[in-house]
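**Q** Sharing a sequence plus its predicted fold:
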Amino acid sequence: MDDYEVTIDDQTSDLLQKLINVPEDPQLIAQLIDIEPDSFRSFLRFAGESANSEALQLLKASESLYKLDNNPIPGVLSEIALQSGFEILDTVAFRAKSAVFQTIPNSLDQRVCEYLKDKYPSGLYSHQSTSIQLGLENRDVCIATPTASGKSLVFMTLAAHSLLTNPNASVLALYPSKALIQDQLNKWKSVLAPLGLELGYIDGAVPVDQRSSIVSRHRMLVMTPDVTHAWMMSHLNDTAVRRFVTNLRLLVLDETHVYDGVFGTNMAYFLRRLQAISPVKQIISSTATIGEPASFLENLTGRRPIVVDPEADGSAVPSKTVLLGRPETGKQFEKIVTLLRRVSNSGLGRFLAFADSRRMVEQIVAATTRSATSDDDDEPGDDSALETSGLGPALARVLPFRAGYEEDDRKAIQRALSQGSLAGVVSTSALELGLDIGEIDVVLLLGTPPSVKAFRQRLGRAGRKNAGVCLLIDDKGLITSELGGLGTYLKKPPEKSWLYLGNRYLQYANALCAAAEANALPSNIEPFKTLPSEFVKFFENEVNPTDAIPDELYPLKQRAQAGPHYEFPLRSGVEKNFSVRLQRGPEHDRLGTLSYSQALREAYPGAIYHYMARPYRVFQFKYKTGEIFVRRERRYTTRPIIQNMVFPKFQGGLLSLSHSSDGFISEAELQVSERVTGFIEQRGANKSTHEYVPTSPFAQRPIIRFFETTGVCWSFKDRNLSAEMIAVALRDAFCSLCGIETRDLGIGTFFSTTSPLSGEKSQGISIYDAASGSLRLTQQLIERFPEVLDLAATLAEAEEPRNASLIRSISELKDTVNGLQPASADPLTTDLAVDSDWVTVIAAGEQAMCRLASGAMESVTVLGFRYTPQGLMYELSSPKSDVSWMVKASTVVPINGVSKLVEANLMTGELRDFA
Amino acid sequence: MEKRLYIDPPVLLRWLPREKTCEVLFLDLEPDFLDDNTIRIDLNIVFRPIPVRRGYSQTRDFYIGSTGARVLFEAFDGRVRSYAKAAPMKVDYEQSYTRSRHSEVTISPKLEPSKDISLQMSEVSFSKNIERTFKSSFSGTERVLSDIDLGYGVEWELKLPAGQVVRDYLIGNLFLYVESSWVGQIKGGRIVVRPSDILFFDSDRKMIGDGLRALAMRYVLWRQGIKINSKSIAVNFKEVD
């Protein structure tokens, strides 16, 4: 588009044409273009036309038009936002929609049909009726209508029908969180109980010794996929479990959009494994807000469902107003705290606020409740309020919510919110799901949502039964800078969910589980055919071992000795989990769980770890036992000093490459080392830096996360183009464009002895996939690099204050990238070359990474190699001078581009350069 | 010696406003130091019709623009000596004058670069003794330029005479000048330009929307994120050594 020209779509053009022809009557005009009063007021504020008599006439007309569903909350919230330092830029209102009913399908079991007729005399919503009809025709159905449209009733009805028409059939409903199960149980009971059916539930909180008896007593089970994978699939020898699984006819998957990234990829494998051992006839799924649901579900389940899409929605929808705000200049954190304090005291109703990081959620609530109670640091060790209420500070009317809380704490928060004793909750995406926490009147999005998908889900939390309002704070300027602003953003389609079935680690961990399951029950490998062929090879090799297990996967095999199902949970993949404990004399209180990568950011030695908005100091980090010990601390904050180093495998690990004489950009396999070297502590205005030097009270074995993944690397003669500032801008733009969370990507610099262009050295920066084994998220980054650069430039332009050097650098990078030529990448060779007697080894004196028995990685220096009856071994430099440290060669990994490799003849001891 | 004038904020034509797509007016200024105490400022007000392209299936364009403006010049603690006088601007009117510059002046946008950003500031320099011709040409209906001498400043208004039916839309530049003197040390002042109306015109530049209709049409566009700016352009200037 020409910069000096405005383009409008046909719909807007038609509307303008109608306006040209309409008589100049305010009422007629207001009606014709549906002027919503709050939106019009925002427009007048922008245009500076408030005193104009024509403006007043139109405003009056619009107010009379909207008199029927006049909701004062948006106006009040808008005032509060203005007073808290946010500018309201736009308002969009959705008018209430009335329901469209349809008759109940009469091919349903008579008893179910009677029950529904009795309960819903007007009939079912049209999409419910259509979905049930499709289900009765034995089709796989995905109900993709918006939040609060009554999706649950569809699969509950079909479950009841299945149980009543087939006396042997069992039905399994999977919910992605324990909280959701607790929430949905009453709904299930209200449908099943009048029909004389019972259901049982099993989640992680149900004691293991009771589970088998629950399964034996019920044909209908509600479970989390986590417990189904970890417990049920590892207890297939149990008679009750065996009977349930082999009679499984209907599988219900609710909130399937959650199955994304590592969790989703594991889930795809788990669902194939479940289908391999049970005769699942039908899968009914529901999802809100994902792009291309049919292909996503096909990836997830291996079966393509019929999608009942949002256009088919026949439910009644209350009116909803979305306000778009932007922080004025100044400290944003303080503005957010002021906003929350004012909203919680305003009497507007219950609110749900979303922030995008766990740390942010905790800190915002800590600051909000502190200012609400006392400005002083509270004393460490004062847990009396926490003990009596179970809810942290007794006066607090705002509480945090995030994943990783202990069961009791989570339930207490949910209960307090639904009973109305709280003004609101600040949450991570954990509360995006359809939890019934009572009616939420106001939703506050405290930053630009990470994706359209997340935005829709969060917006859906407000106004499920009554009119709702949502304040969206566009701190990144993404929505404001977009042509069309909020109106266009609200019409944007949600992003696709991302699964990567090619991750070797997840493939192997699941193959280990599948092999264990095949030992217990006859396995039909047909469902595996919709998975990559490598998985089938791994599986067959586990059932009938013929090939050696690749070195990098061997540690997984070792970890799986005690049972692969417990060792590899669905959510964290192959990452180790840690439990946080508060020491109270001989007793320990549990303060949540974290994955290793989360621990690296939140609970490293010396860190202030926040739990329920209370600060604790980490004083001991035990990798081996997976425990982190904390004690109460004052309200300080810390952030880790993390050194991220990337080691690209330019030789043999290149996935794509574009280059010019100035440099290159490539996607490659990488090794990443994320190392916490200390932390920065802030006490009021004072900042201090703590390095883990031997004299530090927090010094211990370095905390390193070393893993293999893929990423996009670039290196140019102009070093400014590889600045971290640019990488951060590109990562943020890429995440916004593709709906990926920023925490799923990392940024690190590389200094490599090789380059994809020639044998020379290269240095640059990389954006990498933060999941061990990679999810190939950055594959899209290289494919859409010019688009990402454009968006990064737009966002940089919209940023206040303007960062001129960033804008200039992005523009220069754009010019440089435009001049690149694509080159063909080398075919991948993942194994080191081996011929009869010659093996490739790490040369003496070189740095490498060693995987310790605990699973932790440590940086080591190789002194030499030896061939022993146990196989090839390395001698490593030991921290103690008089100790000889020999380890199996398979536990030592060369660092790409750093460790020099040589070829050694095992028979003669000759060495030659690695070709 | 070269003179330097700071302007704040930097929204002149040479530093095009960020939302250039949606501006109906632009302002450019060219200062000249006639002597140590007197500054002459030539103002170039650009009336810009915003072309709107309708969708992809309909190719017929229309325009959004303003037919008049109010321009205020104030010299803080100074007095206006001379300025462009009121004149009726008739159909096919053409007015031109030629002048030669007295001094070399540089205009700098008044920006405070933050400490961690190195920023190359844009500047515009005007060389001495350059002769230039300013030409205002108006095609279309008659308009009236009126002026009010405020002593410390001057206010102009370009508008249609009462009762006149706007048939054609004005495209062009309005050149105005003002010379003012200061007695004190600080030579500074303010220029404000505000469009008097925002109207809609068809592809032949015949008016199709005014009043209520134009406001409603702007609201429709605003809902689509097309934010036609009707706010004033206000520029503060100050001589610096």
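**A** All right, it came through fine. Numbers count the residues shown, from 1 in each chain, chains lettered A, B, ... in the order given.

**Q** Now A:Arg912. Nearest residue, chain neighbours left out?
**A** A:Glu903 (5.1 Å; CB to CB, 6 or more residues apart in numbering or on different chains). Using the backbone N, CA and C atoms, a C-beta is placed for each residue, glycine as well.

**Q** Helix or strand: which one has the one you found?
**A** A:Glu903 belongs to strand A:901-905 when assigned by DSSP states H and E.

**Q** Repeat that for A:Pro697.
**A** Per DSSP H and E, there is no helix or strand for A:Pro697.

**Q** For it, the count of nearby residues, please.
**A** 8 (other CB atoms under 10 Å in any protein chain shown).

**Q** picking that back up, let me see the residues that make contact with the helix or strand just after the strand holding A:Glu903.
**A** Scanning forward in sequence from strand A:901-905 by DSSP H and E, the next helix or strand is strand A:911-913. Residues outside strand A:911-913 that contact it (CB atoms under 8 Å, 6 or more residues apart in numbering or on different chains) are A:838, A:902-905.

**Q** give me that answer again for 7 Å
**A** With CB atoms under 7 Å, 6 or more residues apart in numbering or on different chains as the test, strand A:911-913 has contacts from A:902-904.

**Q** where does the stretch 701-850 of chain A have low pLDDT?
**A** Along the stretch 701-850 of chain A, the parts satisfying pLDDT under 70 run over A:759, A:800-801, A:824-836.

**Q** And the residue of it that's closest to chain B?
**A** Minimum separation of the stretch 701-850 of chain A from chain B (CB to the nearest CB) falls at A:Ala804, amounting to 4.6 Å.

**Q** Can you tell me which helix or strand of chain B has the lowest average pLDDT?
**A** Ranked by mean pLDDT, DSSP states H and E, the weakest helix or strand in chain B is strand B:131-138, scoring a mean of 56.

**Q** Can you name the element that comes right after that strand?
**A** strand B:143-149.

**Q** Which SSE is immediately downstream of that next one?
**A** strand B:153-159.

**Q** so what does whichever helix or strand comes after that following strand touch, helix or strand wise?
**A** Of the helices and strands lying after strand B:153-159 in sequence (DSSP H and E), the nearest is strand B:172-182. If you count contacts as 3 or more CB pairs under 7 Å, 6 or more residues apart in numbering or on different chains; DSSP states H and E, strand B:172-182 packs onto strand B:38-47, strand B:69-76, strand B:78-83, strand B:131-138, strand B:153-159.

**Q** got the CA positions of strand B:172-182 in CSV?
**A** The C-alpha trace of strand B:172-182 is given here as CSV (Å, rounded to 0.1, in the frame of the first residue of the first chain):
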residue,chain,number,x,y,z
GLY,B,172,-2.6,23.4,-2.6
ASN,B,173,-0.3,25.3,-0.3
LEU,B,174,-1.0,28.4,1.7
PHE,B,175,2.1,30.5,2.1
LEU,B,176,2.1,33.0,5.0
TYR,B,177,4.9,35.0,6.5
VAL,B,178,5.4,36.9,9.7
GLU,B,179,8.2,39.2,10.9
SER,B,180,8.5,39.8,14.6
SER,B,181,11.1,41.5,16.9
TRP,B,182,12.1,40.7,20.4
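
**Q** In terms of secondary structure, what does the helix or strand just after that strand contact?
**A** Reading on from strand B:172-182 to the C-terminus, the next helix or strand found by DSSP H and E is strand B:188-195. Judged by 3+ CB pairs under 7 Å, 6+ apart, strand B:188-195 is in contact with strand B:25-33, strand B:69-76, strand B:233-240.

**Q** what's next to strand B:188-195, contact-wise?
**A** B:24-25, B:27, B:29, B:43, B:45, B:66, B:69-76, B:78, B:230, B:232-239.

**Q** so that strand versus strand B:25-33, what angle?
**A** Calculated by axes from the mean of the first three to the mean of the last three CA atoms, to 10 degrees, strand B:188-195 forms an angle of 150 degrees with strand B:25-33.

**Q** For strand B:188-195, which strands pair with it and how are they oriented?
**A** Strand B:188-195 pairs in its sheet with strand B:69-76 (antiparallel), strand B:233-240 (antiparallel), by DSSP bridges.

**Q** Now do the contacts for the closest residue to chain B within the stretch 51-200 of chain A.
**A** Closest contact between the stretch 51-200 of chain A and chain B, by CB to the nearest CB, is at A:Glu54 (5.0 Å). The neighbourhood of A:Glu54, defined by CB under 7 Å, 6+ apart, consists of B:211-212, B:215.

**Q** Save the contacts of strand A:911-913 as CSV, and put in pLDDT, neighbour count and distance to A:Lys18 too.
**A** As requested, the contacts of strand A:911-913 are exported to CSV (pLDDT from 0 to 100; neighbours: other CB atoms under 10 Å in any protein chain shown; distance: CB to CB, whole Å):
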residue, pLDDT, neighbour count, distance to A:Lys18
A:Val902, 88, 16, 79
A:Glu903, 86, 19, 79
A:Ala904, 84, 21, 82
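
**Q** between those residues, which is closest to chain B?
**A** Nearest member of the contacts of strand A:911-913 to chain B, counting by CB to the nearest CB, is A:Val902, at 46.1 Å.

**Q** what pairs with the closest one across the strands?
**A** Under the criterion used (DSSP bridges), A:Val902 bridges to A:Val841, A:Asp913.

**Q** surely it meets A:Ala844?
**A** No. Using CB atoms under 7 Å, A:Val902 is not in contact with A:Ala844; the gap is 8.6 Å.

**Q** which residues are in contact with both of those two?
**A** Joint contacts of A:Val902 and A:Ala844 (CB under 7 Å, 6+ apart) do not exist.

**Q** how near is the nearest residue in space to A:Leu901 that is not next to it in sequence to A:Thr754?
**A** Nearest residue to A:Leu901, sequence neighbours excluded (CB to CB, 6+ apart): A:Phe914, at 4.1 Å. Distance from A:Phe914 to A:Thr754, counting by CB to CB, to the nearest Å: 11 Å.

**Q** cool, A:Leu512 as well?
**A** 34 Å.

**Q** Looking at these two, which is more packed in?
**A** The residue with more neighbours, out of A:Leu512 and A:Thr754, is A:Leu512; 23 against 17, by other CB under 10 Å.

**Q** which element is the more buried one on?
**A** Going by DSSP H and E, A:Leu512 is part of helix A:504-520.

**Q** Mean confidence (pLDDT) on that helix, please.
**A** Regarding helix A:504-520, the rounded mean pLDDT is 92.

**Q** What are the buried residues along it?
**A** A:504-518, A:520 (16 or more other CB atoms under 10 Å in any protein chain shown).

**Q** and if you look at stretch B:191-203?
**A** In stretch B:191-203, the ones that count as buried by 16+ other CB under 10 Å are B:191-195, B:197-201.

**Q** Tabulate the helices and strands packed on strand B:172-182 (JSON lines), appending mean neighbour count.
**A** Below are the helices and strands packed on strand B:172-182 laid out as JSON lines (neighbours: other CB atoms under 10 Å in any protein chain shown):
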{"stretch": "strand B:38-47", "mean neighbour count": "20"}
{"stretch": "strand B:69-76", "mean neighbour count": "21"}
{"stretch": "strand B:78-83", "mean neighbour count": "17"}
{"stretch": "strand B:131-138", "mean neighbour count": "14"}
{"stretch": "strand B:153-159", "mean neighbour count": "20"}
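
**Q** Lowest average confidence across these, which one?
**A** Looking at the helices and strands packed on strand B:172-182, the weakest mean confidence is strand B:131-138, a mean of 56.

**Q** Can you pull out the low-pLDDT segments for the stretch 51-200 of chain A?
**A** A:51, A:66-71.

**Q** can you map out the strands along it?
**A** A:86-94, A:101-102, A:124-125, A:141-143, A:170-174, A:200-202 (DSSP state E, counting those that start in this stretch).
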